[in-house]
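> Here is the input, now give the coordinates:
(chains A, B and C)
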Amino acid sequence: MKLPVFEYACPATLSEAVALLASHDGDAKAIAGGQSLVPMLAFRVASPSLLVDLRKLPGLDQIRITESGVSLGALVRWRDILDDARLRHAHPLIAAAVKHVAHYQIRNRGTVGGSVAHADPAAEMPGVVVTCEATIAVTGKSGARVIPADSFFQGALTTALAPDEIITEIRFPAWPAGRRFGFEEFALRRGDFALAAAAVFYDQDAGGRAANAHVGVIGVGDRPVRLATVEAALDGARVDAAAIARAAAAASAAVDPQDDIHASAAYRRSLVGTMVERALLSASA
Amino acid sequence: MRNSFVGAAVERREDLRFLRGRGEYVDDLAPRGLLHAVILRSAVAHGRLRAIDFSAALEIPGVHAVITAKDMPGGPPIIPMRLQPLPDFKPYEQPVIAADKVRYVGEPVAVVLADSPAIAEDALEAITVDIEALPAVTTRAAATKGDSLLFGPNSGNVALTFRAACGDAAAAFERAPYRRRESFRTQRHFGLTMEPRGLLAEWDAARGILRVFGAAKVLFFNRRILAKQIGLPEDAIDMVENDVGGGFGARGEFYPEDFLIPFAARHIGRPVKWIEDRRENLMAMNHAREAEAEIEIACARDGTILGLRGHTYTDMGAYMRTNGAVGSRNVAQFMSGPYRIPNIDVDVTLFMTNKTPVGTYRGPGRFETDFFRERLFDMVAKDLGIDRVDFRRRNLVAESEMPYAIATINPFESKDQFDSGDYQITLDRCLTEFGWDEKSKLQGRLIDGRYHGIALGCFIEGGAAGPKESARLALNGDGSVTVYMGSSAVGQGVETVFAQIAADALEIPMDRIREVLHGSTAHVSDGYGAYHSRSVVMGGSALLDAAEKFRSAIRIAAANRLGCDAAAVKLGEETVSGPDGRSLKLAELAGISAEGAFLNKKHTYTYGAHAAHVTVDPKTGRVQVIDYVAVEDVGRIINPKTLKGQVIGSLVQGLGGAFMEHLVYDDQGQLLTGSLMDYLLPTASDFPNLRSVTLEMKPSPINPLGAKGAGEGGIIAAGGVMANAVANALGSLGVEPRELPLSPPRVWALVNAAK
Amino acid sequence: MTTRFDVNGKPVEVTVEPRMTLADCLRHVLRLTGTHVGCEHGVCGACTVLVDGAAVRSCLMLAVQADGRQVTTVEGLSNDDDLTPLQKSFRKHHALQCGFCTPGMITTAHALLTEEPDCDADRVREVLSGNICRCTGYISIVEAVLDARSAYRKPGGGAA
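Modelled structure (predicted):
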């Protein structure tokens, strides 16, 4: 499982990095923490001719918290998120989800940008990105643009990124105090990819009914998705046991998972309902 | 100073280098001139090998050679079976490299030699292999149907059927007032070791000596095979045991690479090292445990077992490996476990499929058959309205019946008997430690969304396989003693345990034992190795014999120098003295060496009981082990620390087999679980609540230490206990698990099917 | 490519292909064979080393990515004279059998205890879930790490 041959560059500026990616006709890949890319190289399922190491690019490792929201630089590591005490209040859903990501050693190297660019259907961060309607700031040879979450993830390991584009920031809308949220994941072992997970949040109107419900799930399709029917079932309702049960049923009905060696489609379908149910129980407690 | 080390929780000597990262495993060796070997393996499960074109590979800078079957005049040698080498198995033995057919994904097809493993792997991509695919046989139905034959046209896909029999099962079933028939399955998994396999071979053409590093487990036997295959006398081959990262029955048997790498070294005239990577390991290290049972039990109304009969089937993979028949035979022979079943007729059919070949894995066949039996017992106890503990108690073999003969296996006329034991003691102790009566109140209850279940199981663990083991002691120039063992280290702490035994036997402090050298063929004249939990019994007993001979040799030498009778010589810790008070330093007698042996035809039987408490989340299928108590009587405890390590380590492997480890194939014979992301091993979070109690109540009468083999007990009972605990938890839903693993999706499916 | 970094306090300069992992560089170029390779795809943790004090999987890092960094291997957490408190605790609790996963356990435990000398059993298990052991069943390893906390609570504790 030795890696295939590739050239390696470690540019000092973003424009250099973009130029390098652009120069190799789609056959160059960016590498940050390498926690997802290097295993692919080891199994030789990816064989880029050039790796462009992003680690020297300045300014991409900041966590910025302002009134307009939370911005995670692409090179922010999981570890940085867990260590940042501000995030527990500024965006508790991110903090809750990142607790489930992989393992201790991986969290020291893996980055949010890398995870989002890699787009594993069972990864937590893409799920949080979609649920929260985050936007992904990228820079490529045509300049900078901002891609909304709902058009970013296009399939398993497939995103809207052009081969020359690098993620610079992931921007989350501001998180109001008093917002209810929950994150529930089921994995076969601690740290494994989710068989299914649900990220939920909602605000409450003056009457204690849910509003602005956002329900996102991972592991049950080729990309993270928000479940509009579940959100609709919650909006305007009191989030009580009956509403939660309805929401869970709606979640199971809304997804179309596949069989694989770890779980049947039927199991995943049921599991996602249970995850939504438990996330809502946690949110409403 | 008598018996002060045996029985003590002595800290391990080998730890001093392991903790510092100074172990020497085979990949740590780097002789000058080294070339690296990478194996091209079949990507097709079944086919006719038409051609291999490696011309492009040879063009790659740094690639030195590509070896195929064509380089072996007379064809590739065949690997003989080491255990149960019946003529029926001969057609199914494995060639060291594919010649005309490939029969499993992972079968060696070519060996690339290059300056680095990376370059050799690059070369793999430049080799074209032309295989005419044949239909892959991946199920018992397909194997027995025989439309596609792995070894046709002369041989079918069924290699052999063993039969375990005693008494008259037909008559017992005829008159039995109660019978129950069930089917069960266990899944393919294996003894994955943290260190993958590896070998380094050096051919010294000038001296005609072949040295093979990275050997393990059964070095002397492997040397014998290699010598024949490669055309060298045995004493021209040195098999060297380095540090070994786990064995579990899987590492150390003679694999294709055990010929290919030495062959490559001679072929190219340079040292050659091959280190298995994890992807290879999953498809090339012996698989195990895939078995089915269709069995029936007959009982009296009071729960006395009258008979056991049925058919079992073991999926052997594509070839009969050196020890492939062991697990299968054990499924049949040990289905009765520690219980008295006077009438048995259980057969086991070994069938071939286009999957990785099967060998032993800790507690081979015993894990499977314990699961079959203990599941059946709980079902029967429920039917008969008998408490599950009482049912077992009533049927356990009694101490007064020892030695107790179990069913005889044919062909191969394999008879066996339990040596000693009081199975009630370990059962009682287990129930007490566990708190069975108190915990029973939780049986089947739904609390906070989780169902609670408790279960127990009793087991026996066979150890101490013969026929022989050797040990040698040598007196060094500083008066210290070096111990040489034919036993092999696989991580179980032999360097410490044997030092304890030697120190006590020689009546010297442990620090006078300079070191324990083990495994390598240079150390003793005739060694056997580590398998079937035999090292303490066989190696330890050989060591006692060597110690006696050693002391005798010292007395004789001292007597000469002191001018007295040997019998009058007193042996002290550092000196020897005669009756007139004259003395010599032991160091002055340096060079004395004595070899001892222990011959044995009987097995020891460690025995015990496990009890466990689980919760089941019916919505996710997750089973959590709340408490698990493992009790066993090992006859004689040499080192309680290392013993506990064996029990817990073995148990966690068993729990991995019960819940998560599964080698999955598709219907084309492709191994789908190709990485550690898919083949799931237990981690530190999974089973934190395990307790072990080890006893030395009933020594074994068949060896001077009174010891019994103790490395496999933990794993044997785990599957049955867990499945029963889940069944009991979900009893109100009518769930009856009949298959392993009990992964969350499978448990969920059982719950949903029952609704 | 030429890369310069520190290993166990000493500067090294190596010239390696970009595709060489840090694990292979440590083992085969620098001959520090204490770091073990168990899977090469970032799951088993046997290859764990410290990079600027943080535990990382050296099989997932390219040697060239170590440029300018401080790398600590199990050898750097050991000395010839005596076992360190962490090593003594491992030995006392029989937290190793075949020794193959052990260097990764030691480096990971050292990183954890340095950062969190008051970690509890759950935290230890969580962190060690990224290190697979096939021999011990983990219970003794968790005990050993917990027992070593007292050494790390002292100033300079845990040093090799």
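> In the chain, where's the longest helix?
Assuming you mean chain A. The longest helix of chain A (DSSP state H) is helix A:265-284.
> hm, I was asking about chain B
Longest helix in chain B by number of residues (criterion: DSSP H): helix B:540-562.
> Based on its surroundings, how many neighbours for B:Ala749?
Residues lying near B:Ala749 (other Cβ atoms under 10 Å in any protein chain shown) number 18. Where C-beta positions appear, they are placed from N, C-alpha and C, glycine not excepted.
> circling back: could you pull up the mean pLDDT of the longest helix of chain A?
Averaging pLDDT along helix A:265-284 gives 98.
> mind saving the C-alpha coords of that helix as PDB?
Output in PDB follows, covering the C-alpha atoms of helix A:265-284 (Å, rounded to 0.1, in the frame of the first residue of the first chain):
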ATOM      1  CA  ALA A 265     -31.500   0.000   3.300                       C
ATOM      2  CA  ALA A 266     -34.400  -0.900   5.600                       C
ATOM      3  CA  TYR A 267     -32.100  -0.500   8.600                       C
ATOM      4  CA  ARG A 268     -30.800   2.800   7.600                       C
ATOM      5  CA  ARG A 269     -34.200   4.000   6.800                       C
ATOM      6  CA  SER A 270     -35.400   3.100  10.300                       C
ATOM      7  CA  LEU A 271     -32.200   4.400  11.900                       C
ATOM      8  CA  VAL A 272     -32.500   7.900  10.400                       C
ATOM      9  CA  GLY A 273     -35.900   8.100  11.900                       C
ATOM     10  CA  THR A 274     -34.500   7.200  15.300                       C
ATOM     11  CA  MET A 275     -31.700   9.700  14.900                       C
ATOM     12  CA  VAL A 276     -34.100  12.500  14.100                       C
ATOM     13  CA  GLU A 277     -36.300  11.400  17.000                       C
ATOM     14  CA  ARG A 278     -33.400  11.400  19.400                       C
ATOM     15  CA  ALA A 279     -32.000  14.700  18.100                       C
ATOM     16  CA  LEU A 280     -35.400  16.300  18.600                       C
ATOM     17  CA  LEU A 281     -35.700  14.800  22.000                       C
ATOM     18  CA  SER A 282     -32.400  16.300  22.900                       C
ATOM     19  CA  ALA A 283     -33.300  19.700  21.300                       C
ATOM     20  CA  SER A 284     -36.600  19.900  23.100                       C
END
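> For that helix, what is the distance to the chain centroid?
Averaging C-alpha positions (Cα atoms, centre = their mean, to the nearest Å) puts helix A:265-284 18 Å from its chain's average.
> What does the pLDDT read for the most centrally placed residue in chain C?
Geometric centre of chain C, nearest residue: C:Thr107, 2.2 Å, by Cα atoms, centre = their mean. Looking at C:Thr107, its pLDDT reads 98.
> Next: B:Ser533.
pLDDT, read off for B:Ser533, is 82.
> same deal with the one 4 residues further on?
Among the per-residue scores, B:Val537 holds a pLDDT of 87.
> Contacts only, for the residue nearest to it when sequence neighbours are not counted.
Distances taken as Cβ to Cβ, 6 or more residues apart in numbering or on different chains place B:Ala464 nearest to B:Val537, at 3.8 Å, with adjacent residues excluded. Listed by Cβ atoms under 8 Å, 6 or more residues apart in numbering or on different chains, the contact set of B:Ala464 reads B:532-534, B:537-538, B:600, B:602-604, B:700, B:702-703, B:708-709.
> burial of the residue nearest to A:Ala119 when sequence neighbours are not counted, as a residue count?
Leaving aside its chain neighbours, A:Ala119 sits nearest to A:Thr159 (4.9 Å; criterion: Cβ to Cβ, 6+ apart). For A:Thr159, the count of nearby residues is 21 (other Cβ under 10 Å).
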